[in-house]
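Undergrad: Prediction below, plus the sequence it came from.
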Amino acid sequence: MTQINDKLRIPKNIRKVKNIVGVFSAKGGVGKSVISLQIATALKEKGLRVGLVDTDIYGPSQSVMLNSSPVELKNLKDDQLIKPLVKDNIKFMSMGLISGEKMPLIARGPKVSGAIMQLLFKTDWGELDYLIIDTPPGTGDAQLTLLQRIPVTTSLVVTTPQNVSISDCRRGIEMINKLNQPISGLIENMSWFQPDDQQKKYYLFGKDGAKELAREYSLELLAQLPLVELSDESKIQDHPLLKSEFVKISDKLMESIKILKKKKSIGIPQANIIK
Ligand SMILES: Nc1ncnc2c1ncn2[C@@H]1O[C@H](COP(=O)(O)OP(=O)(O)OP(=O)(O)O)[C@@H](O)[C@H]1O
Ligand SMILES: [Mg+2]
């Protein structure tokens, strides 16, 4: 695993970031962006210094969720760092915050990789306890760049219980494993829907798909999150049920990182940790 404090290889702007957490899923629309934001919020509410970067260069969603408009970076000098947007005490950076930086839909390889590296390495993160990386769907250039060229401390993998999501997610886990990066756990989203006035849970997308997947790869299933009724995108983080779940997820994440670092310090090779 790339070492976060390997000062020879890590750009200066990111050296004071203690932990970098990638939120992955090979499947689109499973809730990565919402979950990344909620984990960032839960960590911040513990009094930690938190940043969130949206690495979806084609369809950045964090800037939309945050209702923020793009900033002009026209006159930025080569060695100058971009100030992240600070909202509710979280530092945000996203392609959506940079105006005039639209990526052509056919951009591949070096271009995608370069844009992601720029987002991470040209931002003035300052001192952070956690930097959460919201990733785009898939197992392509963007994910490879993150796992191979960014000093990610650990990863979280998000899925829904649906078969199609589980099989995409399996590809994602295989990719992370192949690159010898640790995974701190799985999060199953949209696990059921329970109307406010009923006891019954409706398993709209099947039941316990991620539980099976967790067993298959000896990973911890950190949470099963219900599908909730939302009237406004920006209110998702205020939902009481999800909010309490995210406090638990962030506790488990922190614990997992502690274990990972301990194992690393005593020289135990890192694969899929925690149990
Ligand atoms: N538990 C939930 N209950 C209700 N709505 C949810 C839940 N989780 C996510 N959503 C909604 O589902 C949609 C997709 O979520 P989100 O954008 O976070 O997925 P994503 O995995 O980041 O998608 P993409 O792969 O396109 O980046 C959003 O409108 C989001 O508000
Ligand atoms: Mg997203």
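TA: That came through, no problem. Residues are numbered from 1 along each chain as shown. Ligands and ions are numbered 1, 2, ... in the order given.

Undergrad: So which bits of the stretch 51-200 of the chain are right by ligand 1?
TA: Proximity of the stretch 51-200 of the chain to ligand 1 (C-beta under 6 Å from any ligand atom) is limited to residues 56, 61, 136-137, 189-190. Backbone N, C-alpha and C define where each C-beta goes, glycine included.

Undergrad: Do a quick rundown of the helices in the chain.
TA: Listed in chain order, the helices found in the chain under DSSP state H are 32-45, 62-65, 109-121, 141-149, 163-178, 209-216, 240-265.

Undergrad: how many neighbours does the residue in the stretch 51-200 of the chain positioned nearest to ligand 1 have?
TA: Going by C-beta to the nearest ligand atom, ligand 1 is nearest to P137 of the stretch 51-200 of the chain, at 3.8 Å. P137 sits with 20 neighbouring residues when counted by other C-beta atoms under 10 Å.

Undergrad: Next, find the distance separating it from S33.
TA: Here P137 is placed at a distance of 10 Å from S33 (C-beta to C-beta, to the nearest Å).

Undergrad: ok, now S167?
TA: Between S167 and S33 the distance is 21 Å, computed by C-beta to C-beta.

Undergrad: Of the residues of the stretch 51-200 of the chain next to ligand 1, which one scores lowest on pLDDT?
TA: Within those, S61 has the lowest pLDDT, namely 62.

Undergrad: can you give me phi and psi for the closest residue to G29 other than its chain neighbours?
TA: Spatial nearest neighbour of G29, excluding adjacent residues (C-beta to C-beta, 6 or more residues apart in numbering): P137 at 7.5 Å. Here the main-chain torsion angles of P137 (degrees, to the nearest 10) amount to phi -70, psi 160.

Undergrad: returning to that earlier point: which residues sit in contact with the residue of the stretch 51-200 of the chain closest to ligand 1?
TA: 25-30, 32, 168 (C-beta atoms under 8 Å, 6 or more residues apart in numbering).

Undergrad: among those residues, which ones are buried?
TA: Members of these that pass the buried threshold by neighbour count (16 or more other C-beta atoms under 10 Å) are listed as 25-27, 30, 32, 168.

Undergrad: Quick one: these as JSON lines, columns for pLDDT too.
TA: Putting these into JSON lines (pLDDT from 0 to 100) gives the following:
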{"residue": "S25", "pLDDT": "92"}
{"residue": "A26", "pLDDT": "87"}
{"residue": "K27", "pLDDT": "90"}
{"residue": "V30", "pLDDT": "94"}
{"residue": "K32", "pLDDT": "93"}
{"residue": "D168", "pLDDT": "93"}
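
Undergrad: who are the neighbours in contact with G209?
TA: 159-163, 165-166, 188.

Undergrad: pLDDT weak spots in this structure?
TA: Low-confidence segments of the chain, defined by pLDDT under 70, span residues 1-9, 59-78, 98-110, 231-237, 267-275.

Undergrad: now do 80
TA: Regions of the chain meeting the criterion pLDDT under 80 cover residues 1-10, 57-80, 95-112, 230-239, 265-275.

Undergrad: Please report how far the residue of it found nearest ligand 2 lies from F121.
TA: Scanning the chain for proximity to ligand 2 using C-beta to the ion identifies S33 as nearest, at 3.3 Å. Relative to F121, S33 is positioned 22 Å away (criterion: C-beta to C-beta).

Undergrad: In terms of packing, which of the two has more residues around it?
TA: Counted by other C-beta under 10 Å, S33 and F121 do not tie: S33 has more neighbours, with 26 against 16.

Undergrad: Surely the more buried one touches I133?
TA: No: the pair S33 / I133 is not scored as a contact, 11.2 Å apart, by C-beta atoms under 8 Å.

Undergrad: can you count the residues close to the closest residue to E216 other than its chain neighbours?
TA: The spatially closest residue to E216, leaving aside those adjacent along the chain, is R170, at 7.8 Å (C-beta to C-beta, 6+ apart). The number of residues packed around R170, counting by other C-beta under 10 Å, is 16.

Undergrad: Do I have it right that R170 meets L213?
TA: Yes: between R170 and L213 there is a contact at 6.7 Å, judged by C-beta under 8 Å.

Undergrad: Please, where are all the strands along the stretch 1-150 of the chain?
TA: Applying DSSP state E, counting those that start in this stretch to the stretch 1-150 of the chain gives strands spanning 17-24, 50-54, 85-87, 90-94, 128-134.
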